[in-house]
Each structure stands twice: as structure tokens, then as C-alpha cells.
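>>> Mind folding the following:
(2 chains)
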Amino acid sequence: MEAEPTIDSGGGRSLEFRGGPAASAIPIGLFIVWAVFQSGVLGIGDTSGLVVGMLVGLIAGLPFVRGDWKTYADAIFEGMTQEVAATAAVAWLWAGMFANTIQAGGFVDGLVWAANAAEVGAALFPAVTFLLAGLLATGIGTGYGTTIAFVTLVFPAGLLLGTNPILLFGAILSGAVFGDNLAPVSDTTIVSAVTQDADIGGVVASRVKYAVAAAIPAFIAFLIAGTTMATTDPASGSGVTSGAAWGLLHLIPVAIVIGTAVRGRHIVEAVSWGLASAFLLNVALGFFDLVDVGVSDVLVFMAPESSGLATSLDTAPLLGAVVETVPAGEAGIGGSLYNGAVGFFPLIVLTLLIVAGAQIMRQGGGFEALQSWLLDTVATTVRRAEVTMVLGTAMVNAMITINTAAEIAIAPYIRTLGRRFNINGYRRANILDANTSALGYIFPWGGGVLAGYSAMQTLPEEYTWFTVDMIVNPAAVFPYVFHGWFLVAVFLVAAITGFGREYVSDRESEEVSRV
Amino acid sequence: MSRFDAFFEGLEFRTATPQYEPGDELAVIVTGRDGDDALVRIGDTRLRLADTDVAVDAEVRIRVTAFDADDATGEAELL
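Numbering: from 1, shown residues only, chains lettered A, B, ... in the order given. This is a model prediction of the structure:
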């Protein structure tokens, strides 16, 4: 009988810890405890807070190092300089600028206009909202942003029609899941592709089948629930923005980004084309007075009015479009390029620190120990390996409720487990991202649910007819995030039946030169 | 392959034990070692590369030299 083959991680241990390899998990372990306490227990969805949690974790690991602490510090630098973190950072910065620029051009207003123009009744409204929220999230790539925009703008419109508020919130969250999962400019899509050595365009194309397989039953479920679940009396009063149809033209830059990415162009190039076209569209829409948008909504230098030079530039012909004078205390840079990029700074720093923590765990042997246990006892066949990948991703997302952070933490395990069975990069990226996207919007303590809940709490101030008891409790909505549930179910079925499974030898990911 | 085909790649139920024939050339990841032999596991199919000095996790091209379809096991050589 042949001996059970050994698996060598190839990493090589260079860090020794008091307490053995398990102690190398202290930085990441402490971070997870911090994340559970911050986001799960206290409901604080602040990414910068997680940055501090990871920093504290890295410091806490130091006293356990045997020998020179310099090796520990070196491991932090080695982790932070890995290409995966840099690639994700670059893609996020571009995606953030693009998403903010199409929002500045009235894309959300356009979708609200479409919802009103369709003149759907209270029963159909959740199903239509699911489609439109899915469309917005696919365009701007942020499920949190979509949730906040739709809760602020579309949710009140639905209540005015008498739509069931819990079901409507579930439909908005479902749309957010759809886009977070599918959009090439979504942070979770980018992380899933980059960590699994696959190109983003190929990943998006390969995951359409799963997204559609979940979206069709979800749409039907919203149709059925919309007609069977009790509706409320239409709220009287108005004040909901009717929106402008012209904002829908921003579907063109969205199509350009998706089209160029799927055609195999680098994501930086694809998003740059989308950004350029969105900018030109904004200028045209503003020039013809179709949407209230100008060049200064994309980029503006707000200089102190005390500066004589700034005052003269403010009135200059070309530069005047991007220079404004403001009271000294408000000086700064603004516009969609600035806000879009800056919005990702905390996540970028967090990512750098998490990969540093992962590197310490790798060099200290903790990563290898956990991985060997998984491979020896749990993931013993390809079906069990894929089910482990689905459930493992789901479990980590239930604990770390800011889904991108959770995805970065679990990604190395998905990569190793999958590669041990020659599962190709597209399939691994799809398992990783679908369950990350779904769970972040299902659990009551999930970042997406909390983002929507926070936005909802501002509505009573905004609309006189919106009463506090119209606010949906996060604990009530989770059964109705139909697309999220169906997406997890699709992947469990896919893991068991082999639907969509691809091996490395079936199709090589176009990994090396581009993302 | 047109770029459109990328949407339909993998749209099937793929077996846990892919079958190969002698002469098939594959791009694979080395998944384990057993003494001097390198092992390649593709799903639940196992291929053995006798006396092959290649590290686990390396991405290599191989040629299948023998395959037992009933057992889903076979032998291969490095290209």
C-alpha cells in the first residue's frame, strides 16, 4: 500500500513563536476578535477602526517572537509589498473615481426616474426595485453605495405606493448583492480575481451563469412575495425626487467598462475609458442643462478666498471651472475624482495590514498547520473541498461583517484548497466572491444591512410623512434577501453537482500580465 | 475563441474524476510528493510523475502516459 503523499507548503518557516505555530495567528486572530466586537457586537461599520484593530494585532504578536524581533518586522514589510495588495489598491482607486463620477452625473436620479416611469404598483415594486438596484450596483460596483442611494431615494417612493417595507428593503439589499458580486469595478470582484490569479474580465464573464441562476428565482420570489405579503396603506404626502431621465445615459460608460474588461483589456485601461466617457457625458449633460452637473463636480480646487491669486484664477476662463474660492477653514480639494479615490484609502491601508498579518502567519507556520488540518480531515475530495470553500467563506463573512475585509482574510485558504485539486482561478474567484457578496447583506449585523439601516434613520427628518415605525429592523429583513440566499444555494449545489466546475487544465486563467 | 465564448465557458456539470488518455497534454499544478515522485491531483483523479524533481504548487505542463479510467488514476511525464 502506498504511503499517503505529503504536502509541502513550500513556504519555509523563518519565524519562531513562543507557543508554537499557533501563536503566529495572534495578529489575524486578534483582528477577527476586534472585527466581531466592533462590527458584530457594537454595530460600528468603520473601516478605519478595523485598521487600528489590525495594528494592535500586529503589535500584540511581537512579545511571542523567539529571537530577533527584526524577523517579525521584516515579515510585515514582505507581506505589505506583495503584489496582491498593490493590485487591489490600484483597481480600487480607479473604480472609486469612476463610480463617483457617474453618480455625479445623475445616474441614481435616472434609475429613480425609470422606477417612477414604469408606473408599477405596490405589488410589483419590490421586483422592479431588485432589478434597478442590481443595475446600479453593477455600474458603480459598490453594494453599500447602492443600498444607501436606494434607501434614501427609492424606499420612500415605494412606501408612498404602499409596498411592504421589509420586502422592499430585502429587494434593495438583493440588488446590492447582485452588483457587488458581478460588477468588474466592485471591490469584492477585484479582490476575488487578484487573489486567485485570474483576470477581472474573465472572472466577470464566468460568473454570469451563477448570478443569473440565482437572480431568476429571486426575481420570481419578489413577484410572488410582492403579491402575497401584506402591503401598507399608501403613505400620503410627497416630496420624493422625481429624478431625471438623462442620468440613464450613464449606462453607456458602464457598458464601456464591462465591455472592455470582458474583451480582455486591463482593468485600469477599461475603467479609464469608462471614466473618460463619463466625464465627457457629464460635461455635455451640464452644458445642455439636462443634468445639474459641471466640471467642478468631477474636480474642484477650493482655495481660501484670502488668496489673491486664487481669486483671479477663479474668474479665469478655463481654470476657473475647477477653481473656487471658499472661506479659509473650508479650503481643500473636492469632486468625484477626489472623493472616489479618497473613499478607498482606509480599505487600502487595511488590506496592506491584513496581508502583513497573513505573511506572519505563513512564516510562523500557523497557516500551514490550519491548511494541513483542512486538507487531511475536511477537504478530502473535490466536492468536499468546494463545499468547505463555500461554507468557510460564509463563516468568515458572518464574523467579519465588512465583506471585503473578510474576503481578503479567507482568500489564501480558498487559493490553496482549490489549487490542491487543480480547480482553476475563475472557479475559485467565483466561489470566494459570491458567498462574500451574499453574506454581507444577509446577516442583521452585516455591513450592507447596517449601511441601509443607518440611511433609513435619516428619512423621518427628510419626509414629514415618514414615521419612525416605518424603519425596518435589520433583524426582520434577513429572510427576504432572496438573491443572497439563492446565490449561496446555487454555489452549494454547484459544489455538490460540479455545475460550472473548471480545472486548470480545462482553461488557463489569463493571470500573469494583467488583472 | 471569441470573447463572447467567455460567458459560456464552464456552463456544464463537470465530473469529479476527469478522464484522460495517453498522449493528452495538460497544464497542471503539482499538488503533492510521494518520495521521488511528483503527484498531480485534478479533482479526484490522480496522476503520478515518476522520479520527477518538481516542487509542490509548481505550474507545469505534462503528458499523460497511462490512464486507468476505472480507478481515475494514471501516470504522466513532465514536458
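>>> Helix, strand, or coil at residue B:47?
strand (DSSP: H, G, I helix; E, B strand; the rest coil).
>>> tell me which parts of chain B are close to chain A?
Residues of chain B found near chain A (CB under 8 Å from any CB of the partner chain) are B:3, B:6-16, B:18, B:26-29, B:31-35, B:39-44, B:55-57, B:59. Where C-beta positions appear, they are placed from N, C-alpha and C, glycine not excepted.
>>> Which members of those residues are classed as buried?
With burial judged by 16 or more other CB atoms under 10 Å in any protein chain shown, the buried subset of the residues of chain B next to chain A is B:6-7, B:9-10, B:14, B:16, B:18, B:26-29, B:31-33, B:39-44, B:56-57.
>>> Which pLDDT does the model give residue A:87?
Note on residue A:87: pLDDT of 73.
>>> hang on, isn't it packed against residue A:194?
Yes - under the criterion of CB atoms under 8 Å, residue A:87 makes contact with residue A:194 at 4.8 Å.
>>> which of these two has more neighbours?
Set side by side, residue A:87 and residue A:194 show more neighbours around residue A:194, with 27 against 20, by other CB atoms under 10 Å in any protein chain shown.
>>> Heading C-terminal from the lowest-mean-pLDDT helix or strand in chain A, find the next helix or strand.
Every helix and strand in chain A was compared by mean pLDDT, DSSP states H and E; the lowest is helix A:107-117, with a mean of 78. Moving toward the C-terminus from helix A:107-117, the next helix or strand (DSSP states H and E) is helix A:125-140.
>>> which is the next helix or strand following that following helix?
helix A:143-161.
>>> Now stretch A:78-93 - C-alpha only, PDB.
Written as PDB, here are the backbone C-alpha positions of stretch A:78-93 (Å, rounded to 0.1, in the frame of the first residue of the first chain):
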ATOM      1  CA  GLU A  78       7.300  41.300   3.000                       C
ATOM      2  CA  GLY A  79       3.600  41.000   3.400                       C
ATOM      3  CA  MET A  80       2.800  44.600   2.600                       C
ATOM      4  CA  THR A  81       4.900  44.600  -0.600                       C
ATOM      5  CA  GLN A  82       3.100  41.600  -2.100                       C
ATOM      6  CA  GLU A  83       1.600  42.300  -5.500                       C
ATOM      7  CA  VAL A  84      -1.900  41.300  -4.500                       C
ATOM      8  CA  ALA A  85      -2.300  44.300  -2.200                       C
ATOM      9  CA  ALA A  86      -0.900  46.800  -4.700                       C
ATOM     10  CA  THR A  87      -3.000  45.500  -7.500                       C
ATOM     11  CA  ALA A  88      -6.200  45.700  -5.500                       C
ATOM     12  CA  ALA A  89      -5.300  49.200  -4.300                       C
ATOM     13  CA  VAL A  90      -4.800  50.400  -7.900                       C
ATOM     14  CA  ALA A  91      -8.100  48.800  -9.100                       C
ATOM     15  CA  TRP A  92     -10.000  50.300  -6.100                       C
ATOM     16  CA  LEU A  93      -8.700  53.800  -6.800                       C
END
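>>> Show residues contacting that stretch.
Identification of contacts with stretch A:78-93 by CB atoms under 8 Å, 6 or more residues apart in numbering or on different chains yields A:185, A:187, A:190-191, A:194-195, A:200, A:267-268, A:271, A:340-341, A:344, A:347-348, A:351-353, A:355-360, A:363, A:408, A:515.
>>> make it 6 Å
The contact list for stretch A:78-93 (CB atoms under 6 Å, 6 or more residues apart in numbering or on different chains) reads A:187, A:190-191, A:194-195, A:267, A:341, A:344, A:348, A:351-352, A:355-356, A:359, A:515.
>>> Nearest residue to residue A:164 in space, please, no chain neighbours.
Among residues not flanking residue A:164 along the chain, residue A:229 sits closest, at 4.8 Å (CB to CB, 6 or more residues apart in numbering or on different chains).
>>> what's around the one you found, how many residues?
Close neighbours of residue A:229, defined as other CB under 10 Å, add up to 14.
>>> confidence score at it?
86.
>>> now swap in the one 3 residues further on and tell me
Confidence at residue A:232, expressed as pLDDT, is 70.
>>> That one touches residue A:162, doesn't it?
Yes - Residue A:232 is in contact with residue A:162 according to CB atoms under 6 Å; the separation is 5.3 Å.
>>> and the two? which has more neighbours close in?
residue A:162 (17 against 14).
>>> So residue B:66 lies in a strand, does it not?
Yes - counting by three-state DSSP, residue B:66 is found in a strand.
>>> Look up the residues forming beta bridges with it.
Per DSSP bridges, the residues bridged to residue B:66 are residue B:75.
>>> related to what we said a few turns ago, now what about the least confident helix or strand of chain A, what contacts it?
A:132, A:136, A:149, A:153, A:154, A:243, A:244, A:245, A:247, A:248, A:250.
>>> mind running it again at 8 Å?
A:125, A:128-129, A:132, A:135-136, A:139-140, A:149, A:153-154, A:157, A:240-250, A:291.
>>> Hey, what's the angle from it to helix A:143-161? Just curious.
With axes from the mean of the first three to the mean of the last three CA atoms, to 10 degrees defining the directions, helix A:107-117 sits at 30 degrees from helix A:143-161.
>>> Please name the nearest non-neighbouring residue to residue A:20.
residue A:365 (7.7 Å).
>>> Which neighbouring elements make contact with the helix or strand in which residue A:180 is found?
According to DSSP H and E, residue A:180 maps onto helix A:165-182. Using 3 or more CB pairs under 8 Å, 6 or more residues apart in numbering or on different chains; DSSP states H and E, the elements in contact with helix A:165-182 are helix A:125-140, helix A:143-161, helix A:187-195, helix A:200-228, helix A:425-439, helix A:447-456, helix A:474-477, helix A:482-497.
>>> Just give me how far that helix sits from the chain centre.
Put simply, helix A:165-182 sits 13 Å off its chain's centre (CA atoms, centre = their mean, to the nearest Å).
>>> Give me the pLDDT value at residue A:243.
53.
>>> Hmm, I typed the wrong one, I wanted residue A:299.
Residue A:299 carries a pLDDT value of 93.
>>> dump the residue contacts of it.
Per CB under 8 Å, 6+ apart, neighbours of residue A:299: A:322, A:333, A:334, A:335, A:336, A:337, A:338.
>>> I'd like to know how far the residue nearest to it when sequence neighbours are not counted sits from residue A:139.
Leaving aside its sequence neighbours, residue A:299 sits nearest to residue A:335 (CB to CB, 6+ apart; 4.0 Å). Here the criterion is CB to CB, to the nearest Å. By it, residue A:335 lies 19 Å from residue A:139.
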